[in-house]
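1. Structure for this input, please:
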Amino acid sequence: MGYLQRVTKNYSKLCSSAEGTSWDYVILTACDEHQKSFYQMQINLRLRGNFLPPSSSYHVVADPPSSPNCKAGRRVGSGGATVHALEDLMNVHGPKNCSYEDKLSWLGEQTILLIHSGGYASRNPNLTCKGKTFAPFVMSVDDSPSDFVELMEVPTVFDVKMSLLAPISNNIKEMMSEFRPHNKLNGGGER
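-> You can find the predicted model right below:
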């Protein structure tokens, strides 16, 4: 059994069981509110169909609109979108009524997969509305693992990314638990 077959078999199990662990949060960035709505709809469909790990929380964030001081159409870029997405996650899902430092501390304790997916595929007219993230991922019959076909008839770029990155989340969680300093939010005290 090849690597892709093993990964998709394990991912299929992870998606159909509430017992497995994956990322604490998966964040998708969208270029605007319309794309955010489409992405949220895709996430909800996948959750209902057991195509995503139920142990993760999914958060879709639209890039902030261009500032009136910027040139027309100017975007925040990947760096600005990262900061905006993490701050939005922290404000929506993080602890309330505490200092910004405590919120940042909470953020540092999470395993987060951030997928920059905002942008319309202007060079691919058939993907203009939804962007490239939910474009079909075409595989030859020989390369396509049977578990992927059973999991979802036509996997998208997003689905393939999620399955390939799922094993990394457990490794990150193990590393974090070994090196994470204790603080007020996770029980306090020094190691």
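
2. For the rest of this, base every contact and every neighbour count on C-alpha atoms.
-> Fine.

3. E87 - how many residues pack around it?
-> 16 (other Cα atoms under 10 Å).

4. buried sites along stretch 11-29?
-> 11-16, 20-29 (16 or more other Cα atoms under 10 Å).

5. so of these, which ones are in helices?
-> 11-15 (DSSP state H).

6. Columns pLDDT and distance to Q40 on top of those, output as a markdown table?
-> Formatted as a markdown table, those follow (pLDDT from 0 to 100; distance: Cα to Cα, whole Å):
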| residue | pLDDT | distance to Q40 |
| --- | --- | --- |
| Y11 | 87 | 21 |
| S12 | 86 | 21 |
| K13 | 87 | 23 |
| L14 | 88 | 21 |
| C15 | 89 | 18 |
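
7. quick one: the strands in this structure?
-> Along the chain, counting by DSSP state E, strands occupy 25-30, 57-62, 112-116.

8. tilt between the second one and strand 25-30?
-> Comparing the axes of strand 57-62 and strand 25-30 via axes from the mean of the first three to the mean of the last three Cα atoms, to 10 degrees yields an angle of 20 degrees.

9. I'd like to know which of the strands of the chain is closest to S105.
-> Of all the strands of the chain, it is strand 112-116 that lies closest to S105, at 13.7 Å by Cα to Cα.
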